[in-house]
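Engineer: Structure for this input, please:
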Amino acid sequence: MTELNFNGNQITSIPTEIGQLTALTNLDFYDNQIKSIPTEIGELTALIQLYLDHNQIKSIPKEIGQLTALTGLYFSVNKIKSIPTEILQLTALTQLNFDENKIKSIPTEIGQLTALTNLDFYDNQIKSIPPEIGQLTALTYLDFTANEIKSIPTEIGKLTALRYLDFNSNQITSIPTEIGELTALTQLYFDDNLKTSMPTEIGQLTALTYLLPCRSFSHRQYRGSWIQKNSEFARPSRVKALTRAWP
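Structural biologist: Take a look at the predicted model:
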């Protein structure tokens, strides 16, 4: 058995025996009522995709760092408060989703995940972004919507592959001029912040199709539709969920 799908049930716990299924490459517990992850998850070293989104998980065991083959790891819509540094050793990851949790800080080791193309921290309690974010030069999608961020590190300008960048609903007072170096951007959002002006370097972003810099606009319809049109940024079930959540 290489794939196991428990998507959309009412499962409350994962049995420790899961660790015996060492041939698994795809494990899906999306949309259940799971509260904890057994340490035996670390035995599944062949896993490529692990879906634990839409549950009630509060913490992540450090053994998850043993899953070095993972390319996709999904923890969206849980109750997670911190990211174990062991996750940041999973250098094969291309997609890492922590949206709608209770995370307050991002470890500096995030810079080790240089293969990432999709990083989602939408709706957490993050107050600052480590400068090491600038090492993630493969990123094409980066979402920090609805956090408590006050400033953006200048290293953001190194993410020249970015196509979607969202800082809506934070506490940002100024935007670094380095934002003008992100010439691949097609969507950029700074709605609902404390800033008073946009840097002139924004004018260098000639690929932009959506720019929402003011409170008077809403980007909600665009977040769902953009991901839907760019399917590499979300699994099909999440596309449907986003479309519903962002009418």
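Engineer: next one: phi and psi at the spatially most central residue of the chain?
Structural biologist: Residue closest to the average C-alpha location in the chain (Cα atoms, centre = their mean): Asp120, at 1.7 Å. Dihedral angles phi and psi of Asp120 (degrees, to the nearest 10) take the values phi -130, psi 110.
Engineer: tell me the contacts of it?
Structural biologist: Taking Cβ atoms under 8 Å, 6 or more residues apart in numbering as the definition of contact, the neighbours of Asp120 are 76, 96-99, 141-143. Any C-beta I mention is one placed from the backbone N, CA and C, and that applies to glycine too.
Engineer: Identify the bridge partners of it.
Structural biologist: With DSSP bridges applied, Asp120 shows beta-bridge pairing to Asn97, Asp143.
Engineer: ok, back up a step: which pair of the contacts of Asp120 spans the longest distance?
Structural biologist: Put simply, by Cβ to Cβ the two of the contacts of Asp120 set farthest apart are Ser76 and Leu142, 15.0 Å from each other.
Engineer: quick one: contacts for Thr2?
Structural biologist: 23-26, 46.
Engineer: Closest to Lys58 out of the contacts of Asp120?
Structural biologist: Phe98 (13.2 Å).
Engineer: My read is that the closest one contacts Lys81, right?
Structural biologist: No. Taking contacts as Cβ atoms under 8 Å, Phe98 lies outside contact range of Lys81: 10.9 Å.
Engineer: Could you check which of these two has the larger neighbour count?
Structural biologist: Phe98 (27 against 15; other Cβ atoms under 10 Å).
Engineer: if I look at that one, how far off is Pro38?
Structural biologist: Taking Cβ to Cβ, to the nearest Å as the measure, Phe98 and Pro38 are separated by 20 Å.
Engineer: for Thr160, same thing?
Structural biologist: Here the criterion is Cβ to Cβ. By it, Thr160 lies 40 Å from Pro38.
Engineer: quick one: which of these two has more around it?
Structural biologist: Set Thr160 next to Pro38 and count neighbours by other Cβ under 10 Å: Pro38 wins out with 16 against 12.
Engineer: okay, the residue lying closest to the more buried one once chain neighbours are set aside: pLDDT?
Structural biologist: For Pro38, the nearest residue in space outside its immediate sequence neighbours is Thr16; the separation is 4.8 Å by Cβ to Cβ, 6 or more residues apart in numbering. You'll see Thr16 listed with a pLDDT of 97.
Engineer: Torsion angles phi and psi at Thr16?
Structural biologist: According to degrees, to the nearest 10, the main-chain angles of Thr16 amount to phi -60, psi -20.
Engineer: Could you pull up the residues touching Thr154?
Structural biologist: Here Thr154 is in contact with 131, 176, 178 (Cβ under 8 Å, 6+ apart).
Engineer: swap the cut-off to 6 Å and go again
Structural biologist: With contacts defined as Cβ atoms under 6 Å, 6 or more residues apart in numbering, Thr154 is in contact with 176, 178.
Engineer: Lovely, talk soon.
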